[in-house]
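Visitor: Predicted model and sequence below, questions to follow.
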Amino acid sequence: MKLGYHLGYWSSGPPPGALDAVLEAERLGFDSVWTAEAYGSDAFTPLAWWGAATSRITLGTNIVQMSARTPTATAMSAMTMDHLSGGRFVLGLGVSGPQVVEGWYGRPYPRPLARTREYVDIVRQVVARQEPVRLDGRFHQLPLRGGTGLGKALKSTVHPLRPRIPILLAAEGPKNVALAAEIGDGWLPLFFGPKSDGFYRAALEEGFGRRAEPVDRDGFEVAASVPVIVHDDVEEAAGFIKPTLALYIGGMGAKGANFHRDVFARMGYEAVTDTVQELYLAGRKDEAIAAIPTRLVEDTALIGPAAKIREELAAWKETVVTTLLLRGDAGTLRSVADVLG
C-alpha cells in the first residue's frame, strides 16, 4: 500500500509549512501529493506552485470541482500541468454537492452522474487530440447548440505530453463509485473504512462490468484520505478528528441531501448521524461533536499507539485501497511514515 500526502483546501489562507511538508513527502518516498478546493483556494495553483519544487512525486487534485470550470478549461489545465511536471499529473474530479454547486458556482446540480459522463468525455477528447472536440450532450454542447451559430469544433493548440491523463473520480454513493470504475482510472473515496470494503467492492465490480474497454484492475487507483494520529491516548486522538466529522455529517449539506452523512448511516451509524445533524444545524456544535462515538472514528481512521495502528493496518491492506492519503506537517509525515513502515 502506497502513501500519499493530502494538503486539502485552504481555510483562511495558505497552510503554513506546506512546501516543507511536500518536500518531506517526496524525500520519504511518498507516491503522491494532492490538493483540493471548496469555495476559497483553487486546486491547480497550489499544486503547480509547490509541485514545481519536486522532481519525482505524482501531483494530483483531490478534487477539482466540475462546476467550477468548463470541461475544456479543466482539460487545458490538466495538459499544462502534465507538461510542466514531466507527466506526473493526475486529474481528480468531483461533482461536489448542491449547496456549493448552486450556491457558489450558480450551476444546476441535478443529474450529477449524467453530467460527469459528459464532462469526462470532453476532457478525454481534448487530451487525446485526435480530432476536433464535439459533443451534443444534455449539459454540454461543443460547438454550442444555438447561440450565434458561429461556433466551430476545435482541437487544442497544445499537443499533449500523454494522450491519456489519468482521471480519478471522487464518489461516496454506490452509483458514483460504479461510475468511477466504468469511466475512470481510479476512485477517490472519503470516509472509507475496512468494514465497508465489501459494499464498495460490489459497486466497483458493477462499474468494471460496464466498461467499454478492458480494465487493468491492478492499475486502478483507489486513493483514500485516512486520518492517522499516533497517540498514546485513543480518546484524545479521536477528539482531534471528531470536530471535522461533525462538520461533514452535520453541516456539509442540507438535511436530506448530505452525502457524507449517508456514508456513516450505511455503516450502521444512522441514529448517530441523525443526532449529529440535528444538533449541528441547530447551532449546538459542541454537542454535535460530543455525540460522535470514538468507535465511529476508529472505523474510518488509524488512531492510537503505534502498535495498535500497525495491527489495524493489516485490515486496510486487505481492502480495495491502494494508497493512504495522509495529512499534517512535515513532522507528522515523518512520524506516521515510521509507524506505517
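Guide: Great, that's in hand. Nothing here was measured: the structure is a model prediction, and the numbers come from that model. Numbering: from 1, shown residues only.
Visitor: Distance-wise, check Leu245 relative to Arg334.
Guide: Leu245 sits 26 Å away from Arg334 when distances are taken as C-beta to C-beta, to the nearest Å. All C-beta atoms are positioned from the backbone trio N, CA, C, and that covers glycine.
Visitor: Mind checking which of those two has more residues around it?
Guide: Leu245 (24 against 15; other C-beta atoms under 10 Å).
Visitor: helix, strand or coil for the more buried one?
Guide: Look at Leu245: counting by DSSP: H, G, I helix; E, B strand; the rest coil, its state is helix.
Visitor: Which residue comes closest to it once chain neighbours are left out?
Guide: Counting by C-beta to C-beta, 6 or more residues apart in numbering, Leu245 lies nearest to Ile292, which is 5.5 Å off, once chain neighbours are set aside.
Visitor: burial of that neighbour, as a residue count?
Guide: 25.
Visitor: could we number from 4 for the rest of this?
Guide: Sounds good: first residue 4 from here, last item Ile295.
Visitor: my guess is it meets Thr247, correct?
Guide: No. Counting by C-beta atoms under 8 Å, Ile295 sits too far from Thr247 to count as a contact (10.0 Å).
Visitor: Tell me if the residue nearest to Leu248 really is in a helix.
Guide: No. Using three-state DSSP, the assignment for Ile295 is coil, not a helix.
Visitor: How about the contacts made by it?
Guide: 245, 248-249, 252, 275, 279 (C-beta atoms under 8 Å, 6 or more residues apart in numbering).
Visitor: State the pLDDT value of Val342.
Guide: pLDDT recorded at Val342 is 93.
Visitor: Torsion angles phi and psi at it?
Guide: As for Val342, its main-chain torsions (degrees, to the nearest 10) stand at phi -70, psi -40.
Visitor: burial of the closest residue to it other than its chain neighbours, as a residue count?
Guide: Counting by C-beta to C-beta, 6+ apart, Ala309 is the residue found nearest to Val342 once chain neighbours are left out, at 4.7 Å. Per other C-beta under 10 Å, the neighbour tally for Ala309 reads 15.
Visitor: Okay, Ala309 and Gly7: tell me how far apart.
Guide: Ala309 is 20 Å from Gly7, by C-beta to C-beta.
Visitor: Could you do Glu209 as well?
Guide: 26 Å.
Visitor: Comparing those two, which shows the higher neighbour count?
Guide: Legend: neighbour count by other C-beta under 10 Å for Glu209 and Gly7, higher for Gly7 (24 against 16).
Visitor: Fine, thanks again, bye for now.
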